[in-house]
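# sequence and computational prediction follow.
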Number of protein chains: 2
Amino acid sequence: MNYISEVLGVGHDQGVGFNPRMNGQRQMIRTISPNRASFGRCSACTVRSFSICGALDQSDLVEFERIARHVHLAPNEALFTAGQLAQSVHNVAAGVARLYKLLPDGRRQVVGFALPGDFLGMAPSDRYSFSADAVDSVTLCRFSREAFTHFIAQRPHFLIRINEFAARELMLAQEQMLLLGRRTAEEKVASFLVGWRKRLAHIGDERQTIALPMSRQDIADYLGLTIETVSRTLTRFEREKMLIIVAGGVRLLDPGRAAAMAAA
Amino acid sequence: MNYISEVLGVGHDQGVGFNPRMNGQRQMIRTISPNRASFGRCSACTVRSFSICGALDQSDLVEFERIARHVHLAPNEALFTAGQLAQSVHNVAAGVARLYKLLPDGRRQVVGFALPGDFLGMAPSDRYSFSADAVDSVTLCRFSREAFTHFIAQRPHFLIRINEFAARELMLAQEQMLLLGRRTAEEKVASFLVGWRKRLAHIGDERQTIALPMSRQDIADYLGLTIETVSRTLTRFEREKMLIIVAGGVRLLDPGRAAAMAAA
DNA sequence: TGGGCTGGTTGATCCAGGTCAAATTCGCCG
DNA sequence: CGGCGAATTTGACCTGGATCAACCAGCCCA
C-alpha cells in the first residue's frame, strides 16, 4: 500500500543538484525543457514540431494562438483533478506532469508522465478521468474545451494529427499494461529507464545522464511497485555497474544491458 | 509464467453448454451478439449505433459500404499479429476478439477484449503493435487502411467520432493500469466481472447471467494473474454466495457486493 | 462404452516483492 | 557550520499470489 504525499504549493528545486556519490565530482542535471521555449508566440515555440500544433500552418497558428492561454505551475501544483468538469485541454510546453488515478483508500497508479509536446485532456466524458499535477516547474498552453472543439472541427488535418497522438498514447498504454501485468520488478525498472531515456531523446534531450525529475514514489506508483523495491533495484543496478545514481537522475553505464532487461 | 496455448483452427463451441454444477438444471448461454446483425447492408447493421459508423449518414454509408469487406473468423483464428504490416482496420460486428501482447519468453498480457461495435487497428506506425484473434466465432468489417484513411480525411464528423472512441479506449486502458498495478487478486476478478457486465449491457446484452466466452487463461492474462488464482477466486466467490459459476459464464447473485469490491 | 484430450479445479509449498522499522543522506535555512 | 524535515536507502521479516502437481469433468471420436 502507498499513500498520497502531495504537498501543494512551491517545492524545492529538484532540477539542479550534484552527485553525492561521486565525492565532489559535480554532476549538474537541468530541468527538462528543450532549450527555453519562447511563449506567447506559437510560431517561435520550440516544442511545436513534436506537439499536435505541428499540423498547423501559419494562418491556423494565428487563430490557434488567439484561443490559447499560457499557464505556469510550480512543482506539485495541480493541473486538474479526476472527477472535475473537463473545461480545458492542455499542451505541455515545458517541464514534466504526472498523470494518475487514485483508489478510495489512497492507493495510487501513475498512468503516465507528460513531457513537452504532450497533449492532455481528451476526456471521453465531460469530466476528467484522471488527475494531473506538475512534477517540476511546468508551463502549458491551456484551451477552453469549447473553443478547442470548435477550432478542430473545421480542420481535418488537425483532427488526423490528434488521432495519431491518441493512437500513440494508446500504444504506450498497452506497453504499460504488459509491463504492469507481466514483468518482474527488475524488468520494470529497466524498462522504465530505457523508455524514459527514449522519450527524452525524442524531445531533443540527449544528455548521457538520464534526468529523473519525479520522486521514487512516483516511479514506484508508475511501475506498480513500492518505493523500497524501486530503491533496492536501482541500488543493485549500481552495484552491478549498470548505472550510477546521481542527484536528480541516473547515468547509464551499460545501455545494452538495460535494453536487454527491458526487452525480455 | 504462462504460455501461449493458441490452437489455430476451429475450436469447440464454447458458446453453448449447460451448467455441470446445477445437476441437470440447464443454463443456456448464447454467443455474444446483439440479436443477429444482418451484414452486407450497413444500413441494417444492428451494431451501427454503438460503432464508429454511427456518425455516418445514409449517403456516407453507401460510400463506406463500398470499401468494407466482411470477414468471418472461427474461434481462435488470428485477426492480425503484432509486427505485421498494418494493412487493414476493423470493426467488430459479432463475437469477441482478444487483443494481446507477448514477451519473447511467452508471457502474455491481454490488453483488451473487443466486442461488437469496437473499432480496431489504429496503429501509430505502419505495423500492428499488438495481436488480435477470435475468442468465439467473430464477424468483422475489414477496410484497407489506405481506403479508410482516404475516406475519413474528407469527413470531419467521422474523425471526431473516431477521436471519441480513441479517448474512451484510452480511459479504459488507464483503468486497466490502475487495476494491474494496484489492485489485489480479489479486486481484479470482481472488477473484471463488473466491467464486463457493464460492457455487455452497453451493447444490449442484459441477461442476468454474464457470458464469459473467453477461457480462464484469457482472464488471467487480462488481469495479470495466473489461471489458478482466477479459478480459486471465482470458486471462493461462489462459496461466499456472491455468484454461481455456470458453463460459459457466471450468474451474479450479489451485484452490490461485487461492485463494492470493484470500487475499492 | 471407454479412452484420451482439453480446460478447469484443488492442494501443498515456495518466493518475489511487500511491510515494518531504522538508519542515512539531502536540501534548506538560520 | 549545525540542525531539521523530507526523501531515500537499507535491513529483517512476512505474505499474497505464483509454482508445481494431482485430479476431475466434459467432450470427441473409435
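It's in. None of the values given here were measured: they were computed from a predicted structure.
# going forward, measure contacts between C-alpha atoms and count neighbours the same way
OK.
# low pLDDT regions in the stretch 1-150 of chain A?
Along the stretch 1-150 of chain A, segments meeting pLDDT under 70 span A:1-40.
# what about the strands in it?
A:68-73, A:78-80, A:88-94, A:97-102, A:108-114, A:119-120, A:131-134, A:138-144 (DSSP state E, counting those that start in this stretch).
# likewise for the stretch 151-264 of chain A?
Assigned by DSSP E, counting those that start in this stretch, the stretch 151-264 of chain A shows strands spanning A:209-211, A:243-246, A:249-252.
# closest to B:Ala114 out of those strands?
Of all the strands of the stretch 151-264 of chain A, strand A:209-211 sits nearest to B:Ala114, with 37.8 Å by CA to CA.
# that closest one: partners in the sheet, and parallel or antiparallel?
Applying DSSP bridges, strand A:209-211 is found paired with strand A:249-252 (antiparallel).
# ok, back up a step: could you dump the strands of the stretch 1-150 of chain A into a markdown table and include mean neighbour count?
Output for these, formatted as a markdown table (neighbours: other CA atoms under 10 Å in any protein chain shown):
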| stretch | mean neighbour count |
| --- | --- |
| strand A:68-73 | 16 |
| strand A:78-80 | 18 |
| strand A:88-94 | 24 |
| strand A:97-102 | 24 |
| strand A:108-114 | 24 |
| strand A:119-120 | 20 |
| strand A:131-134 | 23 |
| strand A:138-144 | 21 |
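# just put those strands in CSV and tack on distance to DNA strand C.
CSV is the format used below for the strands of the stretch 1-150 of chain A (distance: least, CA to the nearest atom of the strand, whole Å):
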stretch, distance to DNA strand C
strand A:68-73, 16
strand A:78-80, 20
strand A:88-94, 19
strand A:97-102, 15
strand A:108-114, 12
strand A:119-120, 28
strand A:131-134, 16
strand A:138-144, 16
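# looking at the strands of the stretch 151-264 of chain A, which is buried most?
Mean neighbours per residue, mean count of other CA atoms under 10 Å in any protein chain shown, is largest over the strands of the stretch 151-264 of chain A for strand A:209-211, with a mean of 23.
# does that one reach DNA strand C?
No. Applying CA under 7 Å from any atom of the strand, one finds strand A:209-211 out of contact with DNA strand C, separated by at least 12.7 Å.
# now do that strand: distance to the chain's middle.
14 Å (CA atoms, centre = their mean, to the nearest Å).
# quick one: mean pLDDT for it?
Strand A:209-211 comes out with an average pLDDT of 96.
# list the contacts for A:Ser88?
A:Ser88 makes contact with A:Gly121, A:Arg142, A:Phe143, A:Ser144, A:Arg145, according to CA atoms under 8 Å, 6 or more residues apart in numbering or on different chains.
# now with 6 Å, please.
Shown in contact with A:Ser88 (CA atoms under 6 Å, 6 or more residues apart in numbering or on different chains): A:Phe143, A:Ser144, A:Arg145.
# same deal with A:Ala68?
A:Cys141, A:Arg142, A:Phe143.
# surely A:Val138 and A:Pro75 touch.
No. The pair A:Val138 / A:Pro75 is not scored as a contact, 7.3 Å apart, by CA atoms under 6 Å.
# distance check, A:Phe151 against DNA strand D.
40 Å (CA to the nearest atom of the strand, to the nearest Å).
# excluding its backbone neighbours, what's nearest that residue?
A:Phe64 (7.6 Å; CA to CA, 6 or more residues apart in numbering or on different chains).
# before we move on, what about A:Ala114?
Closest residue to A:Ala114 apart from its sequence neighbours, by CA to CA, 6+ apart: A:Ala97 at 4.9 Å.
# just A:Leu252 next, same as before
A:Leu243 (4.4 Å).
# pretty sure that neighbour is touching A:Gly249, no?
No. Contact criterion CA under 6 Å: A:Leu243 and A:Gly249 do not qualify, at 10.4 Å.
# what's the overlap in contacts for those two?
Joint contacts of A:Leu243 and A:Gly249 (CA under 6 Å, 6+ apart) do not exist.
# which strands or helices does the longest helix anywhere in chain A pack on?
The residue-count maximum for a helix in chain A (DSSP state H) belongs to helix A:156-182. Other helices and strands packing on helix A:156-182, by 3 or more CA pairs under 6 Å, 6 or more residues apart in numbering or on different chains; DSSP states H and E, are helix B:156-182.
# quick check: mean pLDDT of the helix it packs on?
In the prediction, helix B:156-182 has an average pLDDT of 96.
# that helix near DNA strand C at all?
No. Shown here: helix B:156-182 not in contact with DNA strand C (CA under 7 Å from any atom of the strand), separated by at least 8.2 Å.
# so does that helix get close to DNA strand D?
No. On the criterion CA under 7 Å from any atom of the strand, helix B:156-182 is out of touch with DNA strand D, staying 8.9 Å away.
# buried set for that helix?
Using 16 or more other CA atoms under 10 Å in any protein chain shown as the test for burial, helix B:156-182 gives B:156-182.
# thanks again, I'm all set now.
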